[in-house]
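Trainee: how does the following fold in three dimensions:
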Amino acid sequence: MRTVICGAGISGLALAHRLAALGGEVVVVERAPGPRPQGYMIDFFGPGLEAVEAMGLLPAFERAAYDYPEGHLVDEDGRRRATVRTKGLARGRLLSLMRPDIEAVLAEHLPSEAEVRYGVALTGVEERADGVAVTLSDGAALEADLLVGADGIHSTVRRLVFGPEERYLRYLGLHTAAFTFDAPDVHAATRRAFCLTDSIDRQMGCYALRDGRVAAFLVHRSADPALPDDPREAILRAYAGLGWVTPRALEQCPPPEEIYYDQVAQIETPRWSSGRTVLLGDAACAVSLLAGQGASLGIAGAYVLADRLAHAPSIEEATAGYERMWRPVAEERQRNARSMARWFLPSSRTDLRVRRAVLALSRIPFVAGFVTSVLTGEDVRLAEIVSGTAITARTRP
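Mentor: Okay, here's the model as predicted:
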């Protein structure tokens, strides 16, 4: 089977790895000129970790991971207001990885049967009775048995095949950004823990990286979903006067092309496939950073899709089976993320105090399980999803 995957992000590369390992011919097309260095730190756990282990990539993921035993909420003077053991907020194992490092591991371990073409965008899709034909921005034309849109929340495949983005995007009232900077004093202060400002309507977090840089993660409320023309200027304006190490981070904020900046949103599509085209990852069902599991769900979803393609009688039955198995998981995570928005970024002093109290209680063993269930949603095992044994339980009223 020949598959064209649009998007060389986490979901697309995971699917390419799995399909090629199963004997398929795969071409991945990516509009960016190369692997994207921008991105934030991800707490990686759950079904994606199971998928990575099944794919034989767990040792490589472990080598790329960082160890942050604790997370601290800090006030404007850097004093701790609350502390949480980060690995206690996930069931089972948890790895902390930079998003670009996840993509790098997946790309480095792609089988030779998978080809990645950077610097080319999808410009046209033609559905055929026995396959799909796509055209690319460099003039090339490809024919395949299946086209997969793994090109993120602003998916070109979804727009061309399923319609305009505004039909499917649910804006959650937040903008987010990430960048890296050099500041030895900030690096020393965040060497063994993730630190997040204990603030209202905007917050910044910092991670110390092994190369001496600091990774900054930012999120703030915005009534306007439109993205700024100049993300650097927008960051300087939105986070001015925040306190703690924020002034140092803003001094070192890089030019716009080195910043990741986007709206915080979810994608809700009534169907994930049409003929020989199927959506995957954020293109199909972005859960938003509020869920904290986008990378894990992206890899696990790719694993489920590849499994269905390997075992179903036809491609159409495979894509339908993948959606039937995976949609309940994704939609549950979306609902959980929306319910957590109030605590993810407090909008009042009362919410701020409640968040501190909940995180403090999470250090008590019998409370930790409840807090974990609230933060991460229902437990899900990849083996149960692939076997179909989880479907009945997740779809009953």
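Trainee: which SSE is the closest residue to L172 other than its chain neighbours in?
Mentor: Leaving aside its sequence neighbours, L172 sits nearest to V264 (Cβ to Cβ, 6 or more residues apart in numbering; 4.8 Å). C-beta: built from backbone N, CA, C; applies to glycine. Here V264 sits within strand 260-267, counting by DSSP states H and E.
Trainee: quick one: end-to-end length of stretch 41-56, please.
Mentor: Using Cα to Cα, to the nearest Å, one end of stretch 41-56 lies 22 Å from the other.
Trainee: centre of the chain to it, how far?
Mentor: Counting by Cα atoms, centre = their mean, to the nearest Å, stretch 41-56 is centred 12 Å from the centre of its parent chain.
Trainee: about what we covered before: neighbouring strands of the helix or strand following the strand holding V264 in the sheet, and parallel or not?
Mentor: Heading C-terminal from strand 260-267, the first helix or strand you meet, by DSSP H and E, is strand 273-274. In the sheet, strand 273-274 lines up against strand 277-279 (antiparallel) (DSSP bridges).
Trainee: now do the strand it pairs with, average pLDDT.
Mentor: What strand 277-279 shows for mean pLDDT is 98.
Trainee: likewise for stretch 24-38?
Mentor: Mean pLDDT, stretch 24-38: 95.
Trainee: for it, what is the distance to the chain centroid?
Mentor: With Cα atoms, centre = their mean, you get 16 Å for stretch 24-38.
Trainee: specify the beta-bridge partners of the residue nearest to L172.
Mentor: Counting by DSSP bridges, V264 forms beta bridges with L174.
Trainee: how much space between it and F162?
Mentor: 22 Å (Cβ to Cβ, to the nearest Å).
Trainee: which other helices and strands does the strand holding V264 contact?
Mentor: strand 169-181, helix 231-238, helix 282-285, helix 315-344 (3 or more Cβ pairs under 8 Å, 6 or more residues apart in numbering; DSSP states H and E).
Trainee: elements contacting the shortest one?
Mentor: If I follow you right, that is helix 282-285. Using 3+ Cβ pairs under 8 Å, 6+ apart, helix 282-285 sits against helix 156-162, strand 260-267, helix 294-311, helix 315-344.
Trainee: pick the most buried one from the helices and strands packed on strand 260-267.
Mentor: Mean neighbours per residue, mean count of other Cβ atoms under 10 Å, is largest over the helices and strands packed on strand 260-267 for helix 282-285, with a mean of 29.
Trainee: burial measure for the residue lying closest to H220 once chain neighbours are set aside, as a count.
Mentor: Distances taken as Cβ to Cβ, 6+ apart place R202 nearest to H220, at 3.7 Å, with adjacent residues excluded. Per other Cβ atoms under 10 Å, the neighbour tally for R202 reads 20.
Trainee: do P270 as well
Mentor: 7.
Trainee: do L359 as well
Mentor: Count around L359 with other Cβ under 10 Å applied: 20.
Trainee: and it, how close does it get to A337?
Mentor: 18 Å.
Trainee: show me the shaky parts of the protein.
Mentor: The model of the chain has pLDDT under 70 over residues 86-92, 361-379, 388-397.
Trainee: can you give me the helices in the stretch 101-250 of the chain?
Mentor: Along the stretch 101-250 of the chain, counting by DSSP state H, counting those that start in this stretch, helices occupy 156-162, 184-189, 231-238, 246-251.
Trainee: okay, the ones you listed, which one's buried deepest?
Mentor: For these, the highest mean count by mean count of other Cβ under 10 Å goes to helix 156-162, at a mean of 21.
Trainee: and that helix, how far out from the chain middle?
Mentor: With Cα atoms, centre = their mean, you get 20 Å for helix 156-162.
Trainee: what sits up against it?
Mentor: 6, 31, 121-122, 124-125, 127, 147-149, 151, 165, 168, 267, 269, 271, 274, 277, 279, 283-284 (Cβ atoms under 8 Å, 6 or more residues apart in numbering).
Trainee: picking up where we left off before, closest one to A16 among the helices and strands packed on strand 260-267?
Mentor: Nearest to A16, of all these, is helix 282-285, at 14.9 Å by Cβ to Cβ.
Trainee: what about dumping the CA coordinates of that closest one to CSV?
Mentor: Listed next in CSV are the C-alpha coordinates belonging to helix 282-285 (Å, rounded to 0.1, in the frame of the first residue of the first chain):
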residue,chain,number,x,y,z
ASP,A,282,-4.5,17.6,15.7
ALA,A,283,-6.0,17.8,12.2
ALA,A,284,-8.8,15.4,13.3
CYS,A,285,-9.3,16.1,17.0
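Trainee: isn't E331 right up against A284?
Mentor: No: counting by Cβ atoms under 8 Å, A284 is not a contact partner of E331; they are 10.9 Å apart.
Trainee: quick check: A291 touching R335?
Mentor: No: using Cβ under 8 Å, A291 and R335 do not qualify as a contacting pair, with a distance of 9.5 Å.
Trainee: do a quick rundown of the strands in the stretch 1-150 of the chain.
Mentor: Assignment of strands within the stretch 1-150 of the chain using DSSP state E, counting those that start in this stretch yields the ranges 2-6, 25-30, 41-45, 70-74, 80-85, 94-98, 114-118, 122-128, 131-136, 141-144, 146-149.
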